[in-house]
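**Q** Next comes the sequence, and after it the predicted model I'd like to discuss.
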Amino acid sequence: MKCNILNIEGVIEYSTGLMLQKSALCNIKDNDAYDAVILLRHKPTITLGYFAKDRNILVSDTFLMKRGIQVCNTDRGGDVTYHGPGQLICYPIIDTHRKQLQEYKSKLCQSLIDLLQKYNIKAEEGHKKLSGLWVGDKKIAAIGYALKKIQARERTKTITMHGFALNVLDEMENFRYINPCGMPEIKLTNMEQILGKQIGFKELKDNYVKAFVKAFNYEINE
């Protein structure tokens, strides 16, 4: 099975990321297109999932506006999280008939584990029943997805949206304005902090694509 890779350069609005996801979903629905993976970076944005509570944003809207941080409601699961330029964001748009739904989350986590292993970072899925990807007792990546049922020409399809945010650069100050995932006690980390150096996003994206196609057994559609 082939997969389209959409590598978005620069730093984009969260709303643009949603538009790209919906466009890829419609392409699968209307044209029976290949599954897609969208890799990008977002401008500073706090997002609220289905189960988000307003109290988990710790500062006022005016304060966030002055800091240039947007707040967006989303249709993914989970509570409050933050996206910013220091993260690698991945949105897999996958037909779960092709890739079994019950395996989806574990494969997505495995692709990240394999990526980080390449940088000699040992990560694991979950920590004390908490979701996400962890290095010891510190969270390095948030994972949250949504499922969309669509009626395509041949059959009803269930497509994944959203995905993960991997903390890459040591730019964590905006996390102070939220309770990540609704849990103020969570400790966070990032690749730069662990490695003592920055990793370029081009290199990181290239390495992630290799890890993704291996975990999900795809071929890249050139």
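**A** Arrived safely, thanks for sending. Numbering: from 1, shown residues only.
**Q** where does Asn73 fall, phi/psi-wise?
**A** Dihedral angles phi and psi of Asn73 (degrees, to the nearest 10) take the values phi -80, psi 140.
**Q** ah, wrong one, I meant Lys43
**A** With angles defined as degrees, to the nearest 10, Lys43 sits at phi -70, psi 160.
**Q** ok, it - contacts?
**A** When contacts are counted by Cβ atoms under 8 Å, 6 or more residues apart in numbering, Lys43 touches 11-14, 68, 70, 84-85. The way it works is simple: take the backbone N, C-alpha and C, and place the C-beta from them, glycine included.
**Q** Skip the chain neighbours and tell me the closest residue to the most centrally placed residue in the chain.
**A** The centre of the chain sits closest to Phe164, judged by Cα atoms, centre = their mean, with a distance of 1.8 Å. Once flanking residues are discounted, Phe164 sits nearest to Ile143: 4.7 Å by Cβ to Cβ, 6 or more residues apart in numbering.
**Q** so how far is Leu112 from the one you found?
**A** 8 Å (Cβ to Cβ, to the nearest Å).
**Q** any common contacting residues for these two?
**A** Common neighbours of Ile143 and Leu112 (Cβ under 8 Å, 6+ apart) are 133, 164.
**Q** before we move on, back to that, wait, is the residue nearest to Phe164 part of a helix?
**A** No - judged by DSSP: H, G, I helix; E, B strand; the rest coil, Ile143 forms no part of a helix; its state is strand.
**Q** which intervals of the protein have sub-threshold pLDDT?
**A** Flagging of the chain using pLDDT under 70 yields the residue ranges 97-102, 154, 222.
**Q** What number of residues are in the vicinity of Asn56?
**A** 18 (other Cβ atoms under 10 Å).
**Q** what's the answer for Met65, then?
**A** Applying other Cβ under 10 Å, we find 11 residues neighbouring Met65.
**Q** Tell me the secondary structure of it, please.
**A** helix.
**Q** by contact count, what packs against the host helix or strand of Leu39?
**A** Assigned by DSSP states H and E, Leu39 belongs to strand 35-40. If contacts are counted by 3 or more Cβ pairs under 8 Å, 6 or more residues apart in numbering; DSSP states H and E, strand 35-40 sits against strand 2-7, helix 14-31, strand 87-93, helix 201-216.
**Q** Single out the most deeply packed of those.
**A** Comparing those by mean neighbour count (mean count of other Cβ atoms under 10 Å), strand 87-93 ranks first with a mean of 24.
**Q** now the following helix or strand past it against helix 201-216, angle please.
**A** Next along the chain after strand 87-93, taking DSSP H and E as the criterion, comes helix 101-118. Put simply, helix 101-118 runs at 140 degrees to helix 201-216, going by axes from the mean of the first three to the mean of the last three Cα atoms, to 10 degrees.
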